[in-house]
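Visitor: next comes the sequence, and after it the predicted model I'd like to discuss.
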Amino acid sequence: MQLHYWSHRLKFRYPFTISKGTKTHQPVLLVSLSLGKWTGFGEAPAISYYNISVEQMIADLEQKKSLVEKFAFTDPERYWHYLHHLFPQNPFLVCALDMAGWDLYGKMKNQPLRNLFKAPATAAPLTDYTIGIDTTERMLEKVIEKPWPIYKIKVGTPDDLEKLRVIRAHTQARLRVDANAGWSLETAVQLLPILQELGVELVEQPLAKDDWEGMKVLYQQSPLPLFADESCVAEHDVEKCASFFHGINIKLTKCSGITPARRMIANARKLNLQIMLGSMNESSVGTAALAHLLPFVDLADLDGPLLLDEDLAAGLSYDQGNVLLSEGSGLGVQVNL
């Protein structure tokens with residue numbers, strides 16, 4: 001195989017703020033794997049609070065580039081295992097390469113990934129649209145200018161409740177709340193019943209990722225479903241989360257790709273956990289990879305391309321919450337190089 005990669009900084013449509021900080025651009029690594037007449041693409045965003053930068057991904061890739069290319073590629077799952085051992089400390093890079101491997105495989109088979117995965121014909125869940133932390137007025141403006149059936153509202157400030165009340169007064173859309181580990185147990189216990197009254201349907205990662213004692217209390221008391229995000233990074237986290245959360249948010253970048261995500265979905269089903277697929281502000285490349293898994297899950301947070309002012313590919317579109325894929329093989333997107 002031949003490996004190529006590109007570094008990009010994709011501009012957000014608006015500065016994107018969560019409880020962990022603000023970003024104006026999303027750094028991403030785009031990779032390609034070519035074999036014969038076929039080329040597959042993959043993507044991984046850099047996330048500062050996971051301490052993995054694009055520069056680190058490139059450094060690791062350069063160090064073992066010849067090993068990445070020498071693999072006798074026939075099966076993406078075997079390739080993932082090879083990559084997992086090659087880059088044990090860099091799941092983001094493994095994700096990008098795993099994604100490219102699946103795109104390559106789908107093109108070799110001339111099939112969209114969802115067909116290879118034998119996706120059921122049931123309707124895929126609608127994606128929410130994220131409203132980042134801002135002033136109450138600005139958050140409301142973003143809701144009004146983007147009519148959508150489901151909003152995910154980022155919280156983690158002293159005036160969370162005021163903002164949610166103002167937003168609820170102006171829309172009957174479904175509301176989800178994501179604290180990104182920004183609440184204390186006391187705050188969460190106080191807010192959850194009020195959020196239920198406001199019609200919020202779930203809360204994502206209310207407490208710090210390792211506050212299992214706090215989550216034990218909250219899980220027993222919460223009137224709303226609680227979803228793990230930062231507490232559910234890799235495959236081994238799924239079983240633990242089953243005793244502290246009602247659902248999990250699976251993100252390809254942090255779990256290291258499509259291959260482990262499919263196993264996480266199967267395991268979560270066995271444990272009766274609800275399953276959300278979540279983006280990490282990927283372009284249409286990474287978002288398409290997620291979209292092929294949508295028929296297997298309950299909830300979707302696949303709004304990365306909607307939040308960005310730039311994209312790396314065409315072939316993915318949205319219609320009032322529906323994520324629409326092309327009929328193309330592999331990921332089904334055309335990358336802009």
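Guide: Thanks, I have it. Everything numeric here is computed off the predicted structure, so don't read it as measured data.

Visitor: got the phi/psi numbers for residue 248?
Guide: Torsion angles at residue 248 (phi, psi; degrees, to the nearest 10) stand at phi -130, psi 150.

Visitor: grab the nearest non-local neighbour of it.
Guide: Distances taken as C-beta to C-beta, 6 or more residues apart in numbering place residue 232 nearest to residue 248, at 4.4 Å, with adjacent residues excluded. For glycine as for every other residue, the C-beta is placed from the backbone atoms N, C-alpha and C.

Visitor: what about the one you found, which SS state?
Guide: Recorded secondary structure, residue 232: coil (DSSP: H, G, I helix; E, B strand; the rest coil).

Visitor: how near is it to residue 207?
Guide: 13 Å (C-beta to C-beta, to the nearest Å).

Visitor: before we move on, what about residue 78?
Guide: For residue 78, the distance to residue 207 - C-beta to C-beta - is 38 Å.

Visitor: the two: who's more crowded?
Guide: Set residue 78 next to residue 207 and count neighbours by other C-beta atoms under 10 Å: residue 207 wins out with 24 against 14.

Visitor: and the pLDDT at residue 49?
Guide: Looking at residue 49, its pLDDT is 84.

Visitor: give the buried residues for the top strand by length along the chain.
Guide: When the chain is parsed with DSSP state E, its longest strand is strand 2-18. Neighbour counts using 16 or more other C-beta atoms under 10 Å place 5-6, 8, 10, 12, 16-18 of strand 2-18 among the buried residues.

Visitor: go on, stretch 313-320?
Guide: Buried, per 16+ other C-beta under 10 Å, within stretch 313-320: 313, 315-316, 318.

Visitor: sort out for me which of these are in strands.
Guide: Using DSSP E, the subset of those located in strands is 313, 316, 318.

Visitor: picking that back up, local confidence estimate at the residue nearest to residue 248?
Guide: 98.

Visitor: residue contacts, it?
Guide: Neighbouring residues of residue 232 by C-beta atoms under 8 Å, 6 or more residues apart in numbering: 238, 241, 245, 248-250.

Visitor: can you rerun that using 7 Å?
Guide: Counting by C-beta atoms under 7 Å, 6 or more residues apart in numbering, residue 232 touches 238, 241, 248-249.

Visitor: coming back round to it: ok, the ones in strands among the buried residues of stretch 313-320 vs residue 188, which is closest?
Guide: Nearest to residue 188 among these, counting by C-beta to C-beta, is residue 318 at 31.7 Å.

Visitor: against residue 204, how distant is the closest one?
Guide: 21 Å.

Visitor: tell me where the stretch 201-337 of the chain has helices.
Guide: For the stretch 201-337 of the chain, the helices defined by DSSP state H, counting those that start in this stretch cover 212-221, 237-241, 252-255, 258-270, 284-291, 304-307.

Visitor: tell me the most buried of those helices?
Guide: helix 284-291 (a mean of 29; mean count of other C-beta atoms under 10 Å).

Visitor: who's in contact with it?
Guide: 30, 41, 43, 99, 252, 258, 277, 279, 302, 304-305, 311-316, 323, 325, 331-333, 335.

Visitor: make a markdown table from the helices of the stretch 201-337 of the chain and add distance to residue 65 to it.
Guide: Formatted as a markdown table, the helices of the stretch 201-337 of the chain follow (distance: least, C-beta to C-beta, whole Å):
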| stretch | distance to residue 65 |
| --- | --- |
| helix 212-221 | 40 |
| helix 237-241 | 30 |
| helix 252-255 | 21 |
| helix 258-270 | 21 |
| helix 284-291 | 20 |
| helix 304-307 | 27 |
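
Visitor: same list (those) but as a markdown table, adding distance to residue 166 and mean pLDDT.
Guide: Below are the helices of the stretch 201-337 of the chain laid out as a markdown table (distance: least, C-beta to C-beta, whole Å; pLDDT from 0 to 100):
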| stretch | distance to residue 166 | mean pLDDT |
| --- | --- | --- |
| helix 212-221 | 25 | 98 |
| helix 237-241 | 32 | 98 |
| helix 252-255 | 32 | 97 |
| helix 258-270 | 34 | 98 |
| helix 284-291 | 29 | 98 |
| helix 304-307 | 21 | 98 |
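
Visitor: how about residue 34, what does it touch?
Guide: If a contact means C-beta under 7 Å, 6+ apart, then residue 34 has 1-2 as its contacts.

Visitor: send the alpha carbons of the helix or strand where it lies over as CSV?
Guide: Taking DSSP states H and E as the definition, one finds residue 34 inside strand 21-35. The C-alpha trace of strand 21-35 is given here as CSV (Å, rounded to 0.1, in the frame of the first residue of the first chain):
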residue,chain,number,x,y,z
GLY,A,21,-12.6,25.8,26.5
THR,A,22,-13.1,27.6,23.2
LYS,A,23,-11.9,26.7,19.6
THR,A,24,-12.1,28.8,16.4
HIS,A,25,-10.5,26.1,14.3
GLN,A,26,-10.4,22.3,14.3
PRO,A,27,-7.0,20.7,13.5
VAL,A,28,-7.4,17.4,11.6
LEU,A,29,-5.3,14.8,10.0
LEU,A,30,-6.5,13.4,6.7
VAL,A,31,-4.8,10.1,5.5
SER,A,32,-5.1,8.0,2.4
LEU,A,33,-4.2,4.4,1.7
SER,A,34,-3.8,3.3,-2.0
LEU,A,35,-3.7,-0.2,-3.3
